[in-house]
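1. task: produce atomic coordinates for the following.
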Amino acid sequence: MDNNLKEAINNILSKVSSEWTTNEKIRYIYIQIGKILNKDVSFFYTLFGFMGSYGYDYFELKEKMEQNYSVIQNDYKVICKSAVEVLKYALDQLNIESKILNTIAFNEFNFSDDFNKKISLHHYFLCVTGDNDKNYFLSIVPDLMNIQYNLETEHFAGFIGNKANENEKIYEGEEIKYDTLSREEIRKLDQKIGYLKKIDDNNYSNYDNDLIKLVNTSWKQLHLELLIQETPFYRNVFRFRTDDNYFIDLQKMNILDLSESELKNWVDYIKIVIKNTDLTDELLNKALLFSDLISEQTKLIHKCETDKERKNIRNKINMLLLQTGKLYLNKNSIYDCKSKKEECKTEYIKHKFELLFPYIMGCNNTDDEDYILPITSKFNGHAEAINFIDLILENLFPEISLENSKNIKNIDIVNNVSILKTRINKVTIFDKINLTYSIIFLIDNTYFYYFNPNDGEFKEINKNKLFDYATNYIIVSNKLKNKIFTIEDDEIMIKK
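-> Below is the predicted model:
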């Protein structure tokens, strides 16, 4: 085993409490090992024939498939087999019994340069003996993203097999009687080992799924607010000049810090902005009514006796500004989720994606004084990052369905392929110079976006520039390759 990995495991082992039960020790090892490993995507992309000279050769692939985990280098890249070997090694040091199992089913890969060279790929997992001699199955690689984002795990002490036929044995060797642990039982283990932090005597922190819950429950409101912030009203209303020609930017200054005369100047300016924008008479009257309500609230600021009262007024003013901005929204940028028959249009998905995805993921922060890395930078590898992106997109676009997508042009709806992944297709690309992975998103095969999960760069790609990516990157998608070269052929024909 690589010395750095061995040292990391020994460090984990040194923090195992002798007072813990066997189940608690197993859980602790599972979580801590999951924090340092990452799935070796290059291994799989090589098997699928994408990586060329940048991937592994046949003998390196064979070596990585051997049970000897000594091939794991400093980057801690693993496949399921080497991952459970690391897990087993750590448990062996604690004298906890475990056994590596592999599935009966497998995928076979041939190499074009020599069809006698074959790779047979099974899935591997671990059977571990815990408290009261009960056996549990662990499959750590699918849980790496969950562990690294501090979420609930899904593959610890769970069911292994075909849920449609629970009597079907899926692994080689003798059948093992095994048990499962409930979510509540696992939560108690997590509280004991510190995966969930103790807040006080009776309370523990929750799993770090606040962002996911926020996206799931509040995406409509968040989307609406970002749309409003794009309106000409909202873009202009916070920057104004006072009677003495002093410039004020309320995006950098608190409303509560304005003097009474400055507040009056601001309200007057709001009315000017409203009157100079393109609204129907009905909407114009509503907007002016909102400005009157804002005026009433501003007159109360300097009469308040407490900070709490002033903050409540500020919140009311902010809400009135949003309500005013809502009058300027383009109806095409909003989708009625209650209408099952309404088509979910490409332009709607495009606009929503380019607004919400960079906002939630923390993209393009490089110009900020306090540079903040994107959320995806906290993951150890590309596989964990893209699994997290899938989770975010699932919660961000619940309105996309087969029913409202069946008449969309430029997409091919395929059975057993998520309609979400069909409409927002995510393709991995590999930088031949920096040797790093990034992502291209295809919105209905019509609009293209680049995202670097390491530094957070996010941008739209002109379709005519896609050929540059085919030149400088390895495209891990035959579909996108075909799309790129079709566009290039079309351009050549046009030029001729």
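2. could you pull up phi and psi at the nearest residue to residue 242 once chain neighbours are set aside?
-> Distance criterion CB to CB, 6 or more residues apart in numbering; nearest residue to residue 242, sequence neighbours excluded, is residue 265 at 4.7 Å. Bear in mind the C-beta positions are built from the backbone N, C-alpha and C, glycine included. Note on residue 265: its backbone torsions stand at phi -60, psi -40 [degrees, to the nearest 10].
3. kindly report the same for residue 186.
-> Dihedral angles (degrees, to the nearest 10) for residue 186: phi -70, psi -40.
4. show me what contacts it?
-> 27, 152-153, 156-157 (CB atoms under 8 Å, 6 or more residues apart in numbering).
5. could you give me the buried positions within stretch 287-303?
-> 287, 290-291, 294-295, 297-298, 301 (16 or more other CB atoms under 10 Å).
6. what's the pLDDT at residue 473?
-> pLDDT for residue 473: 93.
7. if you skip the residues just before and after it, what's nearest to it?
-> residue 429 (4.1 Å).
8. the one you found in helix, strand or coil?
-> Secondary structure, DSSP: H, G, I helix; E, B strand; the rest coil: residue 429 is strand.
9. give me the domain ranges for the chain.
-> For the chain, the structural domains run 3-208, 232-328, 346-495, going by automatic domain parsing.
10. so which of those domains is nearest residue 216?
-> Closest to residue 216 of the domains of the chain, according to CB to CB: domain 346-495, at 4.2 Å.
11. confirm residue 118 sits in a strand?
-> Yes: under three-state DSSP, residue 118 falls within a strand.
12. shouldn't residue 449 be in contact with residue 443?
-> Yes: applying CB atoms under 8 Å, one finds residue 449 in contact with residue 443, separated by 7.3 Å.
13. any residues in contact with both of the two?
-> Joint contacts of residue 449 and residue 443 (CB under 8 Å, 6+ apart) are residue 353.
14. quick one on the thing from earlier: what sits against the residue nearest to residue 242?
-> Going by CB under 8 Å, 6+ apart, the list of residues near residue 265 reads 240-243.
15. let's see which of the residues you listed end up in strands.
-> Among those, DSSP state E puts 240-241 in strands.
16. so can I have JSON lines of the contacts of residue 265 showing distance to residue 333?
-> Shown next, in JSON lines, are these (distance: CB to CB, whole Å):
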{"residue": "240", "distance to residue 333": "27"}
{"residue": "241", "distance to residue 333": "31"}
{"residue": "242", "distance to residue 333": "34"}
{"residue": "243", "distance to residue 333": "37"}
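17. out of the contacts of residue 265, give me the two with the largest separation.
-> 240 and 243 (10.7 Å).
18. higher neighbour count, those two?
-> residue 240 (20 against 10; other CB atoms under 10 Å).
19. name the nearest residue to that one, ignoring sequence neighbours.
-> Closest to residue 240 by CB to CB, 6+ apart is residue 269, at 4.0 Å.
20. do you know the pLDDT at that neighbour?
-> For residue 269, the predicted pLDDT is 96.
21. partners of residue 458 in the sheet?
-> residue 451 (DSSP bridges).
22. show me the contacts for it.
-> Counting by CB under 8 Å, 6+ apart, residue 458 has contacts 357-358, 361, 363-364, 449-452.
23. of the residues you listed, buried ones?
-> The buried subset of those (16+ other CB under 10 Å) comprises 357-358, 361, 363, 449-452.
24. which parts of the stretch 101-250 of the chain are helices?
-> Listed in chain order, the helices of the stretch 101-250 of the chain (DSSP state H, counting those that start in this stretch) span 144-148, 183-193, 210-230, 232-236.
25. the last one - what's its average pLDDT?
-> Averaging pLDDT along helix 232-236 yields 92.
26. appreciated, that's everything.
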